[in-house]
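**Student:** quick one: sequence plus predicted model below, questions after.
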Amino acid sequence: MRIGFTKMHGASNDYIYMDCLAGLPVPAGELPELARRVSDRHAGVGSDGLILILPAPDDSVSFGFRMFNSDGSEGEMCGNGMRCFARYVVERGLIGRTRFEVGTAAGPIACAVQPAAPEAAWTVTCDLGVPRLRASEVPARLDAGPDGVAREAALDVLGRTLRVTPVSTGVPHAIVFVEDLAGYPWSELGRAMETHHVFPRRTNTEFVQVLDRGHALVKVWERGSGPTQACGTGACAVVVAGVLTGRLDRTARLSLPGGDLIVRWREDNGRLELTGPAAVVCTGEFMYAG
């Protein structure tokens, strides 16, 4: 079976996109296997996961969105993936405006697209809503303060005591601030944290070195994908954690291996705005035999 696809990336966090407005490319039960195969960087196209463009689930949004990590597990939402999704539907003429909402498992996401030349990266801003700060809502079984927020809870991981701030931006995240990322074993620790028993739905982990109140370096271990070049929901979680612990301002630039993302945590309504690039890599057909 030949399945058409487009590969896109946001700050080098790359996904395979499939237009499913007329129907799924495979039976629903085979979607995790399709994600694993197409994401394989040796025997497939290669990506951090698979994203499906779906009909709107109701009249409140313009499209539906589903995403699968490269290991076949399904995620609630993806900030970098959503920016590329927004570019895809505008560039393909699937919608006649540049501002719209998309339905996800994490709730509706508002997108604002700034078109550019086809060969260039477009800029897209996504409103990711209000973060969940209470540890029980992330969820994370960590010691929290009277307000339910675990600002820097102690967590033993591989013989180290880490100070962890859990935040949900539609997806669970654990943020660890470090003095110097160079030489820090973030990948080893991130792998262990993903399946740590205190995170019942597993977790993404961001390791952060603050340069100043408006700028930080970030390395990401992404749930279901491992080390990734960037994570949009994670960048938002970093700013939230930075504000909660007094390290960052409400608007900050996050420098990740794949590029920079700008996050604004609005004081007036508590909502998170993520701005960054959305680029097309290639289009093609994937040979799939169920």
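**Tutor:** Yep, that arrived.
**Student:** so where's the longest strand in the chain?
**Tutor:** strand 272-287 (DSSP state E).
**Student:** and that one, which strands flank it?
**Tutor:** strand 2-10 (antiparallel), strand 122-129 (antiparallel), strand 259-265 (antiparallel) (DSSP bridges).
**Student:** now those strands as a markdown table including mean pLDDT and distance to Ala106?
**Tutor:** Every C-beta, even on glycine, is put in place using the N, C-alpha and C of the backbone. Shown next, in a markdown table, are the strands paired with strand 272-287 (pLDDT from 0 to 100; distance: least, Cβ to Cβ, whole Å):
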| stretch | mean pLDDT | distance to Ala106 |
| --- | --- | --- |
| strand 2-10 | 97 | 17 |
| strand 122-129 | 97 | 8 |
| strand 259-265 | 98 | 16 |
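**Student:** TSV please, covering those and showing distance to Leu34.
**Tutor:** Below are these laid out as TSV (distance: least, Cβ to Cβ, whole Å):
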stretch	distance to Leu34
strand 2-10	8
strand 122-129	25
strand 259-265	28
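**Student:** among the ones you listed, which is nearest Ser62?
**Tutor:** strand 122-129 (13.6 Å; Cβ to Cβ).
**Student:** just the pLDDT at the residue most central in space within the chain, thanks.
**Tutor:** Most central in the chain under Cα atoms, centre = their mean is Cys78, positioned 3.3 Å from the mean C-alpha point. Reported pLDDT at Cys78 in the predicted model: 94.
**Student:** please name the nearest non-neighbouring residue to it.
**Tutor:** In this structure, Cys78 finds its nearest non-sequential neighbour in Met67, 5.1 Å apart by Cβ to Cβ, 6 or more residues apart in numbering.
**Student:** residues in contact with that neighbour?
**Tutor:** By Cβ atoms under 8 Å, 6 or more residues apart in numbering, the contact set of Met67 is Tyr15, Gly49, Leu50, Ile51, Leu52, Glu74, Gly75, Met77, Cys78, Gly81.
**Student:** one more: Pro139?
**Tutor:** Ser168, Pro172, Phe199, Pro200, Arg201.
**Student:** can you check Gly145 too?
**Tutor:** Arg151.
**Student:** about what we covered before: take the contacts of Pro139 and keep only those in strands.
**Tutor:** Short answer: these in strands (DSSP E) are Ser168, Pro172.
**Student:** mind checking which of the contacts of Pro139 are buried?
**Tutor:** Ser168, Pro172, Phe199 (16 or more other Cβ atoms under 10 Å).
**Student:** any idea how far the first one is from Asn69?
**Tutor:** Right, the one you point to is Ser168. Plainly put, Ser168 is 17 Å away from Asn69 if you go by Cβ to Cβ, to the nearest Å.
**Student:** one more: the second one?
**Tutor:** Between Pro172 and Asn69 the computed distance is 13 Å (Cβ to Cβ).
**Student:** overlap of the contact sets of those two?
**Tutor:** In contact with both Pro172 and Asn69: Arg223, using Cβ under 8 Å, 6+ apart.
**Student:** hang on, the earlier thing: go ahead and confirm the residue nearest to the centre of the chain touches Tyr17.
**Tutor:** No - using Cβ atoms under 8 Å as the test, Cys78 is too far from Tyr17 to be in contact (11.6 Å).
**Student:** identify the contacts common to these two.
**Tutor:** Ile51.
**Student:** ok, which stretches of the stretch 51-200 of the chain are strands?
**Tutor:** Applying DSSP state E, counting those that start in this stretch to the stretch 51-200 of the chain gives strands spanning 63-69, 74-75, 99-104, 107-114, 122-129, 153-157, 160-168, 172-177.
**Student:** would you turn the ones you listed into TSV with distance to Val208?
**Tutor:** Shown next, in TSV, are the strands of the stretch 51-200 of the chain (distance: least, Cβ to Cβ, whole Å):
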stretch	distance to Val208
strand 63-69	22
strand 74-75	21
strand 99-104	25
strand 107-114	24
strand 122-129	18
strand 153-157	15
strand 160-168	10
strand 172-177	5
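**Student:** looking at the ones you listed, which is buried most?
**Tutor:** strand 172-177 (a mean of 26; mean count of other Cβ atoms under 10 Å).
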